[in-house]
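S.K.: generate a structure from the sequence data that follows.
(chains A, B and C)
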Amino acid sequence: MPVITLLTDYGIKDSYVAEVKGAILKILPEATIVDISHDVGNYSIDEGAFHIARSVPYFPEGTVHVGVVDPTVGSDRKAIIIKAKGAYLVGPDNGLLAPAAERLGFEKVYEIENRDLLPEKVSDVFDGRDTFGPTGALLAKGVPPETLGSELDEYVRLPAFEPKLEGDSFEATVIHVDGFGNLVTNVTYDHLGMLGVGDASRFRVEVGGREYLLPYVRRFSAVPEGELLLLVAGGGYMEFAVNQGNAEERLGIGKGAKALIKMEK
Amino acid sequence: MPVITLLTDYGIKDSYVAEVKGAILKILPEATIVDISHDVGNYSIDEGAFHIARSVPYFPEGTVHVGVVDPTVGSDRKAIIIKAKGAYLVGPDNGLLAPAAERLGFEKVYEIENRDLLPEKVSDVFDGRDTFGPTGALLAKGVPPETLGSELDEYVRLPAFEPKLEGDSFEATVIHVDGFGNLVTNVTYDHLGMLGVGDASRFRVEVGGREYLLPYVRRFSAVPEGELLLLVAGGGYMEFAVNQGNAEERLGIGKGAKALIKMEK
Amino acid sequence: MPVITLLTDYGIKDSYVAEVKGAILKILPEATIVDISHDVGNYSIDEGAFHIARSVPYFPEGTVHVGVVDPTVGSDRKAIIIKAKGAYLVGPDNGLLAPAAERLGFEKVYEIENRDLLPEKVSDVFDGRDTFGPTGALLAKGVPPETLGSELDEYVRLPAFEPKLEGDSFEATVIHVDGFGNLVTNVTYDHLGMLGVGDASRFRVEVGGREYLLPYVRRFSAVPEGELLLLVAGGGYMEFAVNQGNAEERLGIGKGAKALIKMEK
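M.R.: As a prediction, this is how the structure comes out:
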């Protein structure tokens, strides 16, 4: 029961995702296909990369992840396969797959060159259906990547989103707003570890032109309903949240916002 | 081919649902996973409960239903397994699973206590991925609930949404507005049976500050296009609808609205 | 691993799609079910027909496509099975399935009459769950259509959406706006072939009260970011697009808009 995941910016109103799935099932009828998300903002490579990197550790060994956020489809950007620890990643060489590969453990990267086993390339603007989906199916079926192309020396990476650390404070960036209105920052457990932050700490935060004193907690319910908090959620990133509420609305900020965060003594 | 259903308030923009599915497939690669809905309003336990209860009779014997609308995740609310007739239900003990359990036939309830077979609890705020999904996979795989926890005497139930009956009229409440704008009330076939209502009846309805005389029909097309009607739809509840139109917009009311409904002689 | 696709106008907020899937899995637990779209505008038969017709060639031989956009459910409109080349199509006889059947190659059409193998018809307004889904499962399981009903002489077709050709220009209609804001017209490769249009051509276009001179290209990146273009995309239809942008917003037109398109010498 090989698992293939899909992440695209195609949306679910159109038949595009279904056509990719059909193309996969033509090659590997027993595939289990799991949608990661198709509601990535159109052409948002970094948002797609965030979702894939978040998800990959939770899938079985041998899963093939197909990602298609591909604003330059039809140009000379490469189509690639990344072999990472316990998984393959397939998609355009534009950085989309890089954070996931690095999280799993990068091993090798190949350019997809040989179309002998792939379906006819019907269109120059639908590589998801004509190239990436079918390549994922072939890999899940056991075809070695060497059969599909040749190894590359490098691949495109995204600029690192490390927070700036200065003494006991750091400048964080909001890298994602989730469906609950939680504001996910680029600060991880490891960054907090550098500051020696424990469960009981509070932070002084400057964000959106205001200053807040916020508790750093392990669960939403550690503060009363409707109150702001900071917490490291399931993805490993620190986020601004409101217990049973919406932090995006409360703080009036969004993706890309900067926050100066200082540990309160 | 064990079937596992999922209902959450996670939305489908984020990777949260995919991570739950990955965690299920790690334990049970041959699972067939069916989404009931992930667009339940954030933290709306009663709406989630409505959807699960509606759906469960239509799934095969042995299906495991995992529900996660969990505003108090991380608090001391219990994580439970309900054994019902022909199905298991897994989720937080906050009423979400209760109407479905009662519809199928409640048998036993267990608290999930033993994490030996569950994955590492990565986060205190993502029990869908770290507890409920994997528990569903273990049950679908044949692990008995006694292995995962101990029996409880009681579980949280939602307040009953019975309409008030007085002679030949009743006060109904709109408990759900569906994607077509149909206004689903808490009046069922059984309630109508008490009033001796037949196919040809009409009702006098006071709702949203106005009065209407509405036909009670078996199909939308029993009235001209664009006309209001009352009908018991596929879920067994009486709803306000407009033939090929939108009753929510027409009546200007929403969830929670009260309607005084009287049979017209 | 028989594949069953679903297209409905049910939306994904409600449990309706899940109930159809449950009803399918009760009959055929090993079915692989693929969603084409459930976000077809309510009651938009032509939009649903467009999506099904686009998708069918990309699915494996033997796939069963179940389509339910059914504004006259409960009336005397027929429930049908179309046998096409390499696939079955199941749904209401209102034109929804016709373009897909013709694209694959129409063979025979049957009216669903015999409910012996179908579940109880719980509702008069939910044929997706009570009739079409289960019929699809039976066909995918190998039950011949003759067992389920008798052959018909004809079925409902949609009016053809052919562009009007006059010499070296034609009047095109926008038949769909996709999630990227691309405006899909009813002009196909074949129509362009009649005009002898090559890769390097440009068109003079009158649309939305304005005139444009637009390049006809094979890929979005053939024009600078943010520029308008004409291209035949993955579905075989010519569309207005903007490289990494939104043509709907740029042109200020939508579905149904007419465009006078003339080849530029």
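
S.K.: any residue of stretch A:15-30 up close to chain C?
M.R.: Yes: under the criterion of CB under 8 Å from any CB of the partner chain, chain C is reached by stretch A:15-30 at A:15-19, A:21-23, A:25-26, A:29-30. Just so you know, the C-beta spots here come from the backbone N, C-alpha and C atoms, and that holds for glycine as well.

S.K.: that stretch - what's its average pLDDT?
M.R.: Averaging pLDDT along stretch A:15-30 yields 98.

S.K.: now it: how far from the chain's centre is it?
M.R.: 22 Å (CA atoms, centre = their mean, to the nearest Å).

S.K.: how about the strands of the stretch 1-150 of chain A, start to end?
M.R.: Using DSSP state E, counting those that start in this stretch, the strands of the stretch 1-150 of chain A run over A:3-8, A:32-37, A:63-68, A:79-84, A:87-92, A:106-112, A:149-151.

S.K.: make a markdown table out of the residues of stretch A:15-30 next to chain C and add neighbour count.
M.R.: Listed next are the residues of stretch A:15-30 next to chain C as a markdown table, based on neighbours: other CB atoms under 10 Å in any protein chain shown:
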| residue | neighbour count |
| --- | --- |
| A:Ser15 | 27 |
| A:Tyr16 | 29 |
| A:Val17 | 26 |
| A:Ala18 | 26 |
| A:Glu19 | 28 |
| A:Lys21 | 28 |
| A:Gly22 | 23 |
| A:Ala23 | 24 |
| A:Leu25 | 23 |
| A:Lys26 | 18 |
| A:Pro29 | 14 |
| A:Glu30 | 13 |
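
S.K.: who's in contact with the helix or strand of chain A with the lowest mean pLDDT?
M.R.: The least trusted helix or strand in chain A, going by mean pLDDT, DSSP states H and E, turns out to be helix A:189-195, with a mean of 80. Here helix A:189-195 makes contact (CB atoms under 8 Å, 6 or more residues apart in numbering or on different chains) with A:163, A:165, A:168, A:170, A:232, A:236, A:238, A:263.

S.K.: domain assignment for chain A?
M.R.: Following automatic domain parsing, one finds the domains of chain A at A:3-151, A:162-263.

S.K.: if we can go back for a sec, okay, among the contacts of helix A:189-195, which ones form the most distant pair?
M.R.: Farthest pair in the contacts of helix A:189-195 (CB to CB) is A:Asp168 and A:Gly236. Separation: 21.6 Å.

S.K.: ok, these two, which is more surrounded?
M.R.: A count of neighbours by other CB atoms under 10 Å in any protein chain shown puts A:Gly236 above the other of A:Asp168 and A:Gly236, at 17 against 14.

S.K.: wait, the more buried one sits on A:Thr185?
M.R.: No: with contacts defined as CB atoms under 8 Å, A:Gly236 does not count as touching A:Thr185, sitting 11.3 Å away.

S.K.: partner residues bridging A:Val217?
M.R.: Counting by DSSP bridges, A:Val217 forms beta bridges with A:Leu231.

S.K.: kindly report the same for A:Val34.
M.R.: In this entry, A:Val34 is beta-bridged to A:Thr5, by DSSP bridges.

S.K.: help me confirm that A:Glu30 comes into contact with C:Met1.
M.R.: Yes: the criterion here is CB under 8 Å, and A:Glu30 meets it with C:Met1 at 5.1 Å.

S.K.: low-scoring stretches of the stretch 151-265 of chain A, by residue?
M.R.: Within the stretch 151-265 of chain A, the segments meeting pLDDT under 70 span A:160, A:198-200, A:265.

S.K.: 90 instead, please
M.R.: A:158-170, A:188-201, A:208, A:218-219, A:221-222, A:233-237, A:262-265 (pLDDT under 90).

S.K.: and the residue of it at minimum distance from chain C, helix, strand or coil?
M.R.: Taking CB to the nearest CB as the measure, the stretch 151-265 of chain A has A:Gly179 as its residue closest to chain C, at 13.3 Å. Here A:Gly179 is recorded as coil under DSSP: H, G, I helix; E, B strand; the rest coil.

S.K.: measure A:Arg157 to A:Tyr88 for me?
M.R.: Going from A:Arg157 to A:Tyr88 by CB to CB, to the nearest Å gives 18 Å.

S.K.: looking at those two, which is more packed in?
M.R.: Each of A:Arg157 and A:Tyr88 has its neighbours counted (other CB under 10 Å); A:Tyr88 has more, 24 against 14.

S.K.: contact partners for the more buried one?
M.R.: Shown in contact with A:Tyr88 (CB under 8 Å, 6+ apart): A:64-65, A:81-82, A:136, A:139-140, A:145.

S.K.: chain C contacts on chain A?
M.R.: A:10-19, A:21-23, A:25-26, A:29-30, A:33, A:42-43, A:71-75, A:122-126, A:129-130.

S.K.: name whatever forms a beta bridge with A:Glu239.
M.R.: Under the criterion used here (DSSP bridges), A:Glu239 is bridged to A:Val184, A:Leu231.
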